[in-house]
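Undergrad: Mind looking at a prediction? Sequence and model below.
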Amino acid sequence: MSNKLIPILTAVLALAIGLYFGLKPKNGPDYPLSGYTFDTPQGASLDLGALKGKVVVLNFWATWCPPCVEEMPELDELYPQLQAQNVELIGIAIDSPSNVQQFLQKTPVNYPIVLAGMTGTELGKALGNQQGGLPFTVILDENGNEILTEAGRIQMSTITNALQR
């Protein structure tokens, strides 16, 4: 009898596991930035999950990406206005730490930059950047729901308009 029961129990267990994983919400109940902590060029670290409760603008970029570099001074100019609205702006560098550090010495910005590398690419894909192209900008509300995703060079008016919800 136990020889007949083993395949049945195995099938029931497999079905239960499949249902459990299949019925979970795509991002789960958790904040989509939870579990993402990155180093900064200054040697500190930034836990993106700690941003829950704030509106967040994430700008994925790289030093070798001309449109990324073009929009950085505009983002830097917008940053104080965002801060005044309690909106966080984070630059997520999909590049090597040494490239980013050299770049920021020549072209400093006031908003926080994190060194994300390939993990940043994974985060971008999780937030809707399936092709992995740069630049890529995402705005999340206080609970981590997407307000805006924009592939390619973003206009500052697109950001400000999206925040006037």
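TA: Yep, that arrived. Quantities reported herein were computed from a predicted structural model and do not represent experimental measurements. Residues are numbered from 1 along each chain as shown.

Undergrad: can you give me the strands for the chain?
TA: Listed from the start of the chain, the chain has strands (DSSP state E) covering 37-39, 45-47, 55-61, 87-93, 113-115, 136-140, 146-151.

Undergrad: Could you save these as CSV and add columns showing distance to Asn99 and mean pLDDT?
TA: For every residue, glycine as well, the C-beta is placed using N, CA and C. Rendered in CSV, the data for those read as follows (distance: least, CB to CB, whole Å; pLDDT from 0 to 100):
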stretch, distance to Asn99, mean pLDDT
strand 37-39, 14, 97
strand 45-47, 19, 97
strand 55-61, 11, 98
strand 87-93, 8, 98
strand 113-115, 10, 98
strand 136-140, 18, 98
strand 146-151, 22, 97
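
Undergrad: any low-confidence regions in this structure?
TA: Flagging of the chain using pLDDT under 70 yields the residue ranges 1-3, 5-29.

Undergrad: switch to 50 and redo it
TA: Counting by pLDDT under 50, the chain contains low-confidence residues at 11-28.

Undergrad: From Pro135, how far off is Gln39?
TA: Careful, residue 39 is Asp; it's not Gln. According to CB to CB, to the nearest Å, Asp39 and Pro135 sit 21 Å apart.

Undergrad: Of these two, which one has the most company?
TA: Per other CB atoms under 10 Å, whichever of Asp39 and Pro135 has more neighbours is Pro135, with 26 against 14.

Undergrad: give me the number of residues near the nearest residue to that one once chain neighbours are set aside?
TA: Here the nearest residue to Pro135 in space, its sequence neighbours aside, is Cys68; by CB to CB, 6 or more residues apart in numbering that works out to 4.3 Å. Neighbouring residues of Cys68 were enumerated by other CB under 10 Å; the total is 23.

Undergrad: Let me see the contact set for Val138.
TA: When contacts are counted by CB atoms under 8 Å, 6 or more residues apart in numbering, Val138 touches Val57, Leu58, Phe60, Gly124, Leu127, Gly128, Asn129, Glu146, Leu148, Thr149, Glu150.

Undergrad: go again using 10 Å as the cut-off
TA: Under the criterion of CB atoms under 10 Å, 6 or more residues apart in numbering, the contact list for Val138 reads 32-33, 56-60, 92, 123-124, 126-129, 146-150.
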